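Just the structure for this:
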Amino acid sequence: MIIRETLPNGIKLVAQQMNSFRSVSMGIWAGAGSVYESEKEAGISHFIEHMVFKGTERRTAADIASEMDGIGGSLNAYTAKECTCFYAKVLGENMDLATDILSDMVCTPKLDSEDIAREKGVVCEEILMLEDDPEDLVHEYLCRTIYGDTPLASPILGTQDTVQSFTREDILGYMDKRYIPSNMVISCAGNFDMDMLRSVLADKFCRAGNGDKPPMPQSALIQSRRFCPVEKDIEQMHICLGFPAFGSDEKGRFPLLVLNNALGGSMSSRLFQKIREEHGMAYSVYSYPTSYADTGYFTLYAGTGEKQAAKVTQLMLEEIAGIRKNGITRAEFDRSKQQLKGSYILGLESTSARNSSIGKGELMRGRVDTDEELIGRIDAVTMEDVMEIIPIVTDTARMACTAVGRGKNMDKVRKVFEQA
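Predicted coordinates:
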C-alpha cells in the first residue's frame, strides 16, 4: 500500500512498506532543475547538489561519508532538467541515521565560501568531461537542438562562466525560491516503521520556507528540421535522430514504450538486428523515449566508424520509413508488451527503484501509480494505439539530427538526413 500525507511543515511524504526486504531507500526531492534557471543561474541547481555534500552545521564532508560507510549504506544525488533528488539506501534498522544525514544536508548545508570556490573547479572539470564523452555529448546536443531556445534546452551542468560566477548569496537565494515545503517531497520505500518515520522526520527535517509551488516553465519542440554537427577529432561518429513524442501524462506515452521496444529498445529490436547483427556497422545502437511534464521526444542513436556513418544514418531512416509505412507486426507487439512488463516487475525488486518511482511521481505529477495500475496501462495498449502514434513519432518534417565526429564525413550524413 502506498501512503501519501502532508507533514506538519507542509512537505509531502509518500511511502511504501516492503517488509519482505531488509533495506530501505529514502529520497528528498526538490522541484529544482535547469528548466527553472535564468541565463545567469544556468547550472546552479546542479551546483547546489554538489555543495550539500561539502558539510553541514553539524557534520563535515568526511563525517557524512564516514557515518554512511559505517553502516554499509549508500548516499548519492542527481540533478535533472525538472528536479533534484538526494537519496540513501541502508538497512531498515539504520533508517533514523539515514534520515538524519539527508535532512541535515538538505536543511542546513554549511555552504562555506572556500568549499564553493573549490567545488567550482570540480564542476568545471565535469563540464569538460562531458565535452570529452562523444556519446553523452551527442544526446546533450540533440536535446538542445530539438527544444531550440526554450527552457528544456538549457544544459543541466551550466557553463564554465556561469559556474564560476556563483556566490554564496546566489546559492542561498535560489534555495529560498526552490527548496520550500510546497516544492518538495520526501519518499521512502522498503522495510521501515511508518510511525517511526513520521517521528524522525518531524524531529529532523526542518526546511522552512513560504510560498506556493512555482509553475513549470513551458517548452516547445521544434516545428521544422534541424541538423546540428559537432566537430570532434575522434575515430567514431556518434549520430542521434530525434522526433516529437509525448509528455509524462499524455495518452501516447505507453504506446510509444511498446513501439520503442520493437524499434530499438532491446536486443531483438529492428535497429539492433539490422545495424549490428546483419551489417556489423555499430557496437552500440538503440532508441529511447524521453518524457517531461508537458512534452517529450523520441531518440534513435548509433555510434559507428566515420566512413560508414552516412550508411548507418540511412539504415536508421529506412527503419523509420518502414515503421511509418507498415507499423509493427503482431509478434513484435506481443513481445514488446511482455518485455515491458517483465522489465518493470523485475525493476520493482529493488527498494531504490520503487523509492525513485513514487518520489518522482509525487513531485512531478502529484500522484503515484500503483504497480497494478502501471501494469494495467501496459496491458491496455492495443495495436491500434501504437498505429495511432506512429505518424507523430516518425514525423521527418519535424526531425532533428545531431552528429559528433570529424567533419570530412559530416556532409554525407547531412545529405542523407536532408533527403529523407
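
buried sites along the least confident helix or strand in the chain by mean pLDDT?
The helix or strand of the chain with the lowest confidence, counting by mean pLDDT, DSSP states H and E, is helix 194-204 at a mean of 90. Buried residues in helix 194-204, defined by neighbour count with 16 or more other C-beta atoms under 10 Å: 197, 198, 200, 201. The C-beta positions use only the backbone N, C-alpha and C, and glycine is treated the same way.

same question, stretch 72-84
73, 75, 77, 79, 80, 81, 82, 83, 84.

which two from those residues end up farthest apart in space?
73 and 81 (27.9 Å; C-beta to C-beta).

avg pLDDT for whichever helix or strand comes after the least confident helix or strand of the chain?
Of the helices and strands lying after helix 194-204 in sequence (DSSP states H and E), the nearest is strand 226-231. For strand 226-231, mean pLDDT rounds to 96.

follow-up on the earlier one: which residues does the least confident helix or strand of the chain contact?
For helix 194-204, contacts defined as C-beta atoms under 8 Å, 6 or more residues apart in numbering pick out 3, 7-8, 13, 15, 17, 95-96, 99-100, 103-104, 186, 188.

chain center to that helix, what's the gap?
How far helix 194-204 lies from its chain's middle: 29 Å, per C-alpha atoms, centre = their mean, to the nearest Å.

go on, stretch 40-54?
Offset of stretch 40-54 from its chain centre (C-alpha atoms, centre = their mean): 17 Å.

same question, stretch 213-233
Computed by C-alpha atoms, centre = their mean, the chain-centroid distance of stretch 213-233 equals 16 Å.

helix, strand or coil for the nearest residue to residue 7 once chain neighbours are set aside?
Distance criterion C-beta to C-beta, 6 or more residues apart in numbering; nearest residue to residue 7, sequence neighbours excluded, is residue 13 at 5.5 Å. Following DSSP: H, G, I helix; E, B strand; the rest coil, the label given to residue 13 is strand.

which ones are touching the residue nearest to residue 156 when sequence neighbours are not counted?
Closest residue to residue 156 apart from its sequence neighbours, by C-beta to C-beta, 6+ apart: residue 34 at 4.8 Å. Contact partners of residue 34, counting by C-beta under 8 Å, 6+ apart, are 42, 43, 45, 46, 79, 81, 151, 152, 154, 155, 156, 158.

and residue 34, how far is that from residue 27?
Using C-beta to C-beta, to the nearest Å, one gets 19 Å for the distance from residue 34 to residue 27.

What of residue 404?
Noted for residue 404: a distance of 33 Å to residue 27, by C-beta to C-beta.

right, and the helix or strand after the helix or strand containing residue 118?
Residue 118 is part of helix 113-131, with elements assigned from DSSP H and E. Tracing the chain past helix 113-131, the next element assigned as helix or strand by DSSP H and E is helix 134-147.

From residue 146, how far out is residue 180?
Residue 180 sits 31 Å away from residue 146, going by C-beta to C-beta.

Those two: who's more crowded?
For residue 180 versus residue 146, neighbours defined as other C-beta atoms under 10 Å are more numerous around residue 146 (31 against 21).

ok, that one - contacts?
Residue 146 neighbours (C-beta under 8 Å, 6+ apart): 221, 222, 226, 242, 297, 400.

ok, those residues vs residue 133, which is closest?
Set against residue 133, the nearest of these by C-beta to C-beta is residue 242 (18.7 Å).

from what I can see, the closest one looks like it's in a helix, true?
No: Residue 242: not assigned to a helix; according to three-state DSSP it is strand.

so the closest residue to it other than its chain neighbours bridges to which residues?
Computed as C-beta to C-beta, 6+ apart, the closest residue to residue 242 that is not its neighbour in sequence is residue 400, at 4.2 Å. Under DSSP bridges, the beta-bridge partners of residue 400 are residue 226, residue 242.

One more: the one 5 residues further on?
Residue 405 has the following beta-bridge partners by DSSP bridges: residue 231.

Residue 354 - how many residues pack around it?
Neighbour tally, residue 354, other C-beta under 10 Å: 22.

Could you list which residues are in contact with it?
Applying C-beta under 8 Å, 6+ apart, the residues contacting residue 354 are 16, 18, 25, 189, 190, 348.

Serialize those to TSV and add fields for neighbour count and secondary structure.
Converted to TSV, the contacts of residue 354 look like this (neighbours: other C-beta atoms under 10 Å; DSSP: H, G, I helix; E, B strand; the rest coil):
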residue	neighbour count	secondary structure
16	21	strand
18	20	coil
25	27	strand
189	29	strand
190	26	strand
348	15	coil
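
coming back round to it: right, and the pair among the contacts of residue 146 with maximum separation?
Spanning the widest gap among the contacts of residue 146 are 226 and 297, at 12.2 Å by C-beta to C-beta.

Look at the two and report which has more neighbours.
The neighbour comparison of residue 226 against residue 297 (other C-beta under 10 Å) goes to residue 297, with 24 against 17.

so that one touches residue 243, yeah?
Yes: Residue 297 is within contact range of residue 243, at 6.4 Å (criterion: C-beta atoms under 8 Å).
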